[in-house]
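Asks: From the sequence below, what's the structure:
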Amino acid sequence: PTRGATGTSLEAMSMDDLSPPSIAIIGAGPVGIEAALYGRYLGYPVTVFEQGSIGDQVAQWRHVKMFTPFGLNRSPLGLAALASQDENHRPPDDDQLITGEQWLDHYLLPLSRTDLVASCFRTNAKIEFVGRRDHTKMDGNQDAPREDSPFLLMLTQDGRECVATADVVLDASGTFGTANWLGNGGIPAIGERTLREEFSERDDSRGLFSYRIPSPESLQRLRGDRFAIIGCGYSAATNVMQLDRRRREQTETTCCWITAATGDAAGPMARIDNDPLAYRDELAAAANQIAETGDWLQWRPGRRITEICPSGDGFQLVLDDGSQIQVDHVLANVGFCGDFEMLESLQLHRCYASGGPMRWAASIAASTGDCLQQSSAGPDALVTTERNFFIIGSKTYGRDPRFLFSVGLEQIRDVFKTICGRDTLDLYSTMRPHLPLLLET
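Replies: Alright, predicted model coming up:
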């Protein structure tokens, strides 16, 4: 494939320009690693920019058990790369339910070290802004076609600012780094912005304010036994179960579980009829059972947070009915939305509801609510209004939490169909048992 495949006419190019377009990938998470492997296998020069370490976001929930089996969290290309690199490598069984730690240690990190992609990663390199050379957001094709200009990626690496260029950009930065606000209407509760800056994820034993799922070990170390959980998704249910285990050793543990939804007769967690993912259903059922008993956990349905502020070593929550709750720790499991601020100089059409790219959001708007039934809507759904710029992974869903890694793999396949201009390209379905070691472009 040449640059002509991504927008520039071959007739207007010299022979020196007939080289594969350079690809920049933002984010070295699961989708970013797999996209880098796909691109390198096809011979593209690929650079992956990661603001932390490889797999850093997965490492933050390494203790959590996934409810999808390993077979939905790996690709044929990835397995082939690992087998080619080390014939003794043994990944988990396809039907095994693994933790984030197992995913990292037995698949993602070994995959990032394989010969095809090992040199692609630039860690501690945070992308701050993405733009087009010689074109602002307002500029179209007046002087020169916008799509012919390379992308400029301003980044901070090891405390220094610099700019990189690329012909194609894949944003696989995910959503885990940017939490939704927990206040009524999706705006910050009064005091929340200050807490996010000063208290969020702090690593001491007092006053934990977190949007994530703390490890069981960190929960055990916390001083103070009064918790608030906000939200009614599977992260909230996981935190409920972890606090239940904490309570068995620290019997003074109490929790107020606050959900905007009123739930139903079964409890806070909506369950899926004949759920094909047994562990997912077990988690929902167990959390509902704890809410129903009401001995150490009080469920407050149909309530929203209007104000949150530090109080002593903990926090005071004010609800929309005027009631006040004093707690030591807050676990705000209100979902994530992704960082779009770095893309403000691009001409992107975003969904007014989810915040994700419009074509993708429109393609899945009428799909079933079960994340297991999601699938890629095809290459056209991933084409954005900024040519040669693609969003893949959970960020395509914006605030919609239904993303699965298996959908991300389908997106990678479909994006490279567009980049290569080959509608039938599908390395996942044609992968040989062993991957040739391509070391030069």
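
Asks: Go ahead and list the helix or strand containing residue 235.
Replies: Following DSSP states H and E, one finds residue 235 within helix 234-249.

Asks: Equivalent analysis for residue 79, please.
Replies: Using DSSP H and E, residue 79 sits within helix 76-85.

Asks: Now residue 58, what are its backbone angles?
Replies: Backbone torsions for residue 58, taken as degrees, to the nearest 10, come to phi -60, psi -40.

Asks: Please give me every residue in contact with it.
Replies: Taking CB atoms under 8 Å, 6 or more residues apart in numbering, we find residue 58 in contact with 29, 30, 100, 103, 104, 108. All C-beta atoms are positioned from the backbone trio N, CA, C, and that covers glycine.

Asks: Hmm, the third one is touching residue 64, no?
Replies: It stands for residue 100. Yes: A contact is recorded between residue 100 and residue 64 when judged using CB atoms under 8 Å, the distance being 5.5 Å.

Asks: Can you tell me what sits against stretch 335-353?
Replies: Residues external to stretch 335-353 that are found in contact with it (CB under 8 Å, 6+ apart): 127-132, 136-137, 146, 171, 173-180, 211, 231, 233, 355-362, 384-386, 389, 394-395, 398-399, 401.

Asks: and that stretch, C-alpha only, in CSV?
Replies: Provided in CSV are the C-alpha atoms of stretch 335-353 (Å, rounded to 0.1, in the frame of the first residue of the first chain):
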residue,chain,number,x,y,z
GLY,A,335,-18.6,5.5,33.7
PHE,A,336,-16.1,7.1,31.4
CYS,A,337,-16.2,9.2,28.2
GLY,A,338,-12.6,9.6,26.7
ASP,A,339,-10.5,12.6,26.1
PHE,A,340,-11.7,14.6,23.1
GLU,A,341,-10.0,17.8,24.0
MET,A,342,-6.8,16.8,22.2
LEU,A,343,-8.8,16.5,19.0
GLU,A,344,-10.4,19.9,19.0
SER,A,345,-8.3,21.1,16.1
LEU,A,346,-9.7,18.4,13.8
GLN,A,347,-12.9,18.5,11.9
LEU,A,348,-14.8,15.7,13.6
HIS,A,349,-18.5,15.1,13.6
ARG,A,350,-19.4,13.7,17.0
CYS,A,351,-22.6,12.2,18.3
TYR,A,352,-24.8,14.6,20.4
ALA,A,353,-25.6,11.8,22.8
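
Asks: and it, what's its mean pLDDT?
Replies: Taken as a whole, stretch 335-353 has an average pLDDT of 93.

Asks: Stretch 230-241 too?
Replies: 96.

Asks: Check which residues of it are buried.
Replies: Of the residues in stretch 230-241, those with enough neighbours to count as buried (16 or more other CB atoms under 10 Å) are 230, 231, 232, 233, 234, 235, 236, 237, 238, 239, 240, 241.

Asks: just stretch 92-106 next, same as before
Replies: Buried-residue list, stretch 92-106, by 16+ other CB under 10 Å: 92, 97, 98, 100, 102, 103, 104, 106.

Asks: returning to that earlier point: can you put the contacts of residue 58 in CSV and add secondary structure and distance to residue 427?
Replies: What follows is the contacts of residue 58, written out as CSV (DSSP: H, G, I helix; E, B strand; the rest coil; distance: CB to CB, whole Å):
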residue, secondary structure, distance to residue 427
29, coil, 20
30, helix, 17
100, helix, 26
103, helix, 21
104, helix, 23
108, helix, 18
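
Asks: For the helix or strand containing residue 362, name the packing helices and strands.
Replies: With elements delineated by DSSP H and E, residue 362 resides in helix 358-364, which encompasses its position. Packed against helix 358-364, as judged by 3 or more CB pairs under 8 Å, 6 or more residues apart in numbering; DSSP states H and E, are the following elements: helix 379-382.
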